[in-house]
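Enquirer: got a structure for you, letters missing:
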C-alpha cells in the first residue's frame with residue numbers, strides 16, 4: 001500500500017469540491033489540515049462571541065436587579081418596581097441561554113475538527129485501485 005497526498009487524486013485536488021465515496025459526502029477542504037485555522041482559534045471565536053452576547057445581557061440584569069433589590073430593601077414589598085424584577089429575570093435567562101449556546105458550539109466545533117482529522121487520515125492511508133488509477137477505493 002502506498003501513501004499519496006490528497007493532491008495526487010484529481011477528483012480531490014480542488015478545495016471546496018465534494019467527492020462521493022460509498023454514498024458518503026466528503027468535503028475536500030477537510031483534508032487540507034495545515035491550511036485550516038487552528039482549533040484554538042475557532043474555539044476562541046465561538047466562545048468569545050457568545051460570551052460577549054451573554055455579557056451584554058448581564059449588564060441590564062445587574063442594573064434592573066439592583067433597582068429591584070434596593071426598592072425591596074427600602075420599602076419592604078415588590079410593587080412599584082415589579083417591572084425591574086421581570087426585566088432582570090428575562091435578561092438573565094437570555095444571558096444563560098447565550099452562554100449555553102457558546103458551550104454547545106464549542107463542543108460541536110471540537111467534534112467537527114476531530115471528524116475532519118479522522119477523514120483526512122482515512123483518505124491518506126486508503127488503498128489505491130489495482131489498475132493503477134489515482135482513484136481511492138473507499139466504501
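Expert: Nice, thanks for sending it over. As the structure is a computational prediction, the values presented were derived from the model and not from experiment.

Enquirer: who does the helix or strand hosting residue 118 touch, helix- and strand-wise?
Expert: Assignment of secondary structure by DSSP states H and E places residue 118 within helix 82-125. Where contact means 3 or more CB pairs under 8 Å, 6 or more residues apart in numbering; DSSP states H and E, helix 82-125 is packed against strand 24-27, helix 39-75. Quick note: C-beta positions are derived from backbone N, CA and C, even for glycine.

Enquirer: Pick the most buried one from these.
Expert: Among these, helix 39-75 has the highest mean neighbour count (mean count of other CB atoms under 10 Å), at a mean of 15.

Enquirer: For it, name the packing helices and strands.
Expert: helix 82-125.

Enquirer: ok, back up a step: out of the helices and strands packed on helix 82-125, nearest to residue 95?
Expert: helix 39-75 (3.9 Å; CB to CB).

Enquirer: relative to helix 82-125, how tilted is that closest one?
Expert: Orientation check (axes from the mean of the first three to the mean of the last three CA atoms, to 10 degrees): helix 39-75 against helix 82-125 gives 170 degrees.

Enquirer: pLDDT of helix 39-75, averaged?
Expert: Averaging pLDDT along helix 39-75 yields 87.

Enquirer: ok, residue 75 to residue 69 distance?
Expert: Using CB to CB, to the nearest Å, residue 75 is found at 11 Å from residue 69.

Enquirer: and what of residue 101?
Expert: Residue 101 is 28 Å from residue 69, where distance means CB to CB.

Enquirer: And for residue 49?
Expert: 30 Å.

Enquirer: How many neighbouring residues does residue 100 have?
Expert: When counting by other CB atoms under 10 Å, one arrives at 12 neighbours for residue 100.
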